[in-house]
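**Q** after the sequence you'll find the predicted model.
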Amino acid sequence: MSDLNISSRTPPRAGTPLPVQSASRIPVMALGLSLGLFLAVTFALCVGFDLLFPGQAMYQSWFRLLPGFTWLSWQSFFLGLAESFAYGWYVALVFAPLYNFFAAHSGRGGRP
């Protein structure tokens, strides 16, 4: 009797169906905040390092990378902090949409 019940059911499929995944997307807001804060914290740490080890200071690089930055006043420090944060947002606003576009239009859906 149990054979009749089993045979009357639909046959099981071979294998396990995998969920369909869309292309992974990078959220611009999260990337912008992450990169902006990362670069701002890195800038603050570098300024601290330059103050602790003046012989190894790299503040001359900041002159070329951060317009209006001078060594060192509170106004200049906060300007450098804001510009570092803005550079993070610049990268996010350019990189994330480009990545999302190419991930959506590639055959692999953004995966290797």
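**A** Happy to help now that I have it.

**Q** assign the residue nearest the centre of the chain to helix, strand or coil.
**A** Centroid check for the chain by Cα atoms, centre = their mean gives residue 31 as the closest residue, at 4.1 Å. State at residue 31, reduced to three classes by DSSP: H, G, I helix; E, B strand; the rest coil: helix.

**Q** can you tell me how far it is from residue 88?
**A** 9 Å (Cβ to Cβ, to the nearest Å). Placement of C-beta: from N, CA and C, glycine included.

**Q** once you drop chain neighbours, what's closest to the residue nearest to the centre of the chain?
**A** Using Cβ to Cβ, 6 or more residues apart in numbering and skipping the chain neighbours, the partner closest in space to residue 31 is residue 92 (4.1 Å).

**Q** surely the one you found meets residue 39?
**A** No. Checked against Cβ atoms under 8 Å, the pair residue 92 and residue 39 is beyond contact range at 10.6 Å.

**Q** contacting residues for residue 34?
**A** 88, 92 (Cβ atoms under 8 Å, 6 or more residues apart in numbering).

**Q** quick check, pLDDT for it.
**A** Looking at residue 34, its pLDDT reads 98.

**Q** could you check how far it is from residue 41?
**A** Separation of residue 34 from residue 41 (Cβ to Cβ) stands at 11 Å.

**Q** so which strand or helix has the residue nearest to residue 31?
**A** helix 74-105 (DSSP states H and E).

**Q** kindly report the same for residue 68.
**A** Under DSSP H and E, no helix or strand contains residue 68.
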